[in-house]
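Novice: next input, structure requested:
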Amino acid sequence: MALLYIVIVLVLIFDFLNGFHDSANSIATVVSTKVLSPVVAVSLAAFFNFIAFTVFPLKVAHTIGKGVVNPDVLNLTVIASALVAAIIWNLVTWWFGLPSSSSHTLVGGLVGAAFTHSGAGVIILPGLLKIIAFIFIAPILGMIMSFITSTVVVFLFRKFTPGSVDKIFRRLQILSSSTLSLGHGGNDAQKSMGIIWAALIVSGLATQNDPIALWIILSCQSAIALGTLFGGWRIVKTMGQKITKVKPFEGFCSETSGALTLFWSTHFGIPVSTTHTITGAIIGVGARKGVSAVKWGVTKSIFWAWMLTIPISAIAGSVMYHFFRWVF
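Specialist: Numbering: from 1, shown residues only. This is a model prediction of the structure:
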């Protein structure tokens, strides 16, 4: 039972770091365009992170809980190993200012620990491949949507003065930023819910047919919202201005496109990366201005962080599994 409590604490730490690490996703452009101050931006983002469970069904939580690794062979050691691996990678990428995926970190840690515990047969390959596929699909969707959206906005507002366009979209960007935060809270907090739910199942305190308890929902939404309040300021700079210079209307287009992608993914229970999605959307609005408007050297570093997240986290999960087996 002591290990179960440790796992729950680790989940909430991971969830806090998820909000801390990923807060840049929803506030970077709205802060960089000076539409909102950092304090107001993170407060607004935290609020919409928290209330997301009232909007979205818990399909992503079920995917993480029983759609990646066979829950019948999971144990608390495997889950704890995955969480520690995910926490370590989140901290490393935060330190270097790389907007990597907390979602894929968790999946990688879970796969590595489970593989070490019981072999390749425990991995639910269709579920894992779907998540891996969306490493590419989510940012491409965000990029295409934001490219189209920003092109349409430029056409519709072509006769407006730059000052009036700026005034209009500075207001609209508050809405788009809030919507993106809602999508972030809806998709990301559910991953932590799924892990606690799986931990209760393997401990015999719940079954796969039981609904996810309200205390799990509220604690995970609270943890991610609290993490968002503290904010990952190193990543804000990378997301907000290092990829491309963003104006308020471009911030609106990228945030709206990212939010719509997240809404769609959450509806179908696909645990995508908020980081990948909004990064693709920011690249999309930059690409509309021409290839040279995007700083491809920065995006190259981000791309490699994406590609390496699951393999490195899987290795870390395997190492942590051996460590926990030795300790316990």
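
Novice: which stretches in the chain count as strands?
Specialist: Secondary structure of the chain (DSSP state E): no strands located.

Novice: run through the helices of it in chain order.
Specialist: Under the criterion DSSP state H, the chain contains helices at 2-32, 38-50, 59-66, 76-95, 102-118, 125-156, 162-202, 214-230, 233-237, 248-267, 274-288, 296-327.

Novice: need those helices in JSON lines (columns: mean neighbour count and distance to residue 208).
Specialist: From N, CA and C alone the C-beta is placed, and that goes for glycine too. What follows is the helices of the chain, written out as JSON lines (neighbours: other Cβ atoms under 10 Å; distance: least, Cβ to Cβ, whole Å):
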{"stretch": "helix 2-32", "mean neighbour count": "25", "distance to residue 208": "17"}
{"stretch": "helix 38-50", "mean neighbour count": "21", "distance to residue 208": "27"}
{"stretch": "helix 59-66", "mean neighbour count": "23", "distance to residue 208": "6"}
{"stretch": "helix 76-95", "mean neighbour count": "24", "distance to residue 208": "15"}
{"stretch": "helix 102-118", "mean neighbour count": "27", "distance to residue 208": "17"}
{"stretch": "helix 125-156", "mean neighbour count": "18", "distance to residue 208": "15"}
{"stretch": "helix 162-202", "mean neighbour count": "23", "distance to residue 208": "6"}
{"stretch": "helix 214-230", "mean neighbour count": "21", "distance to residue 208": "15"}
{"stretch": "helix 233-237", "mean neighbour count": "19", "distance to residue 208": "36"}
{"stretch": "helix 248-267", "mean neighbour count": "26", "distance to residue 208": "21"}
{"stretch": "helix 274-288", "mean neighbour count": "29", "distance to residue 208": "27"}
{"stretch": "helix 296-327", "mean neighbour count": "18", "distance to residue 208": "22"}
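
Novice: now those helices in a markdown table, with mean pLDDT?
Specialist: Below are the helices of the chain laid out as a markdown table (pLDDT from 0 to 100):
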| stretch | mean pLDDT |
| --- | --- |
| helix 2-32 | 83 |
| helix 38-50 | 84 |
| helix 59-66 | 80 |
| helix 76-95 | 89 |
| helix 102-118 | 90 |
| helix 125-156 | 89 |
| helix 162-202 | 88 |
| helix 214-230 | 90 |
| helix 233-237 | 52 |
| helix 248-267 | 89 |
| helix 274-288 | 82 |
| helix 296-327 | 82 |
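
Novice: pretty sure residue 222 sits against residue 52.
Specialist: No: with contact defined as Cβ atoms under 8 Å, residue 222 does not count as touching residue 52 (11.6 Å).

Novice: can you check the pLDDT for residue 56?
Specialist: Residue 56 carries a pLDDT score of 87 in this model.

Novice: surely it and residue 186 touch.
Specialist: Yes: taking Cβ under 8 Å as the definition, residue 56 is a contact partner of residue 186 at 3.8 Å.

Novice: give the closest residue to residue 153 in space, chain neighbours not counted.
Specialist: residue 249 (5.6 Å; Cβ to Cβ, 6 or more residues apart in numbering).

Novice: that neighbour: what's it in contact with?
Specialist: 150, 153, 154, 157, 165, 166, 168, 169 (Cβ atoms under 8 Å, 6 or more residues apart in numbering).

Novice: how about 7 Å then?
Specialist: 153, 165, 169 (Cβ atoms under 7 Å, 6 or more residues apart in numbering).

Novice: identify, from the residues you listed, the entry nearest to residue 125.
Specialist: residue 153 (41.3 Å; Cβ to Cβ).

Novice: is it true that the closest one touches residue 250?
Specialist: No: contact between residue 153 and residue 250 fails when scored by Cβ atoms under 7 Å: they sit 8.5 Å apart.

Novice: now residue 83: how far from residue 246?
Specialist: For residue 83, the distance to residue 246 equals 34 Å [Cβ to Cβ, to the nearest Å].

Novice: try residue 36
Specialist: Distance from residue 36 to residue 246, counting by Cβ to Cβ: 14 Å.

Novice: which residues touch the nearest residue to residue 66 once chain neighbours are set aside?
Specialist: Among residues not flanking residue 66 along the chain, residue 208 sits closest, at 6.2 Å (Cβ to Cβ, 6+ apart). Listed by Cβ under 7 Å, 6+ apart, the contact set of residue 208 reads 66, 71, 201.

Novice: switch to 8 Å and redo it
Specialist: For residue 208, counting by Cβ under 8 Å, 6+ apart, the contacting residues are 65, 66, 71, 201.

Novice: got a list of what the first one touches?
Specialist: When you say that, I think you mean residue 65. Per Cβ under 8 Å, 6+ apart, neighbours of residue 65: 71, 193, 194, 195, 197, 198, 201, 208.

Novice: of all those, which comes closest to residue 60?
Specialist: residue 194 (7.1 Å).

Novice: please verify my assumption that the closest one contacts residue 63.
Specialist: Yes: counting by Cβ under 8 Å, residue 194 touches residue 63, with 7.0 Å between them.

Novice: just the residues contacting stretch 2-20, thanks.
Specialist: 46, 49, 76-77, 79-80, 83-84, 86-87, 90-91, 94, 102, 106, 188-189, 191-192, 195-196, 199-200, 203, 205, 219-220, 223-232, 328.
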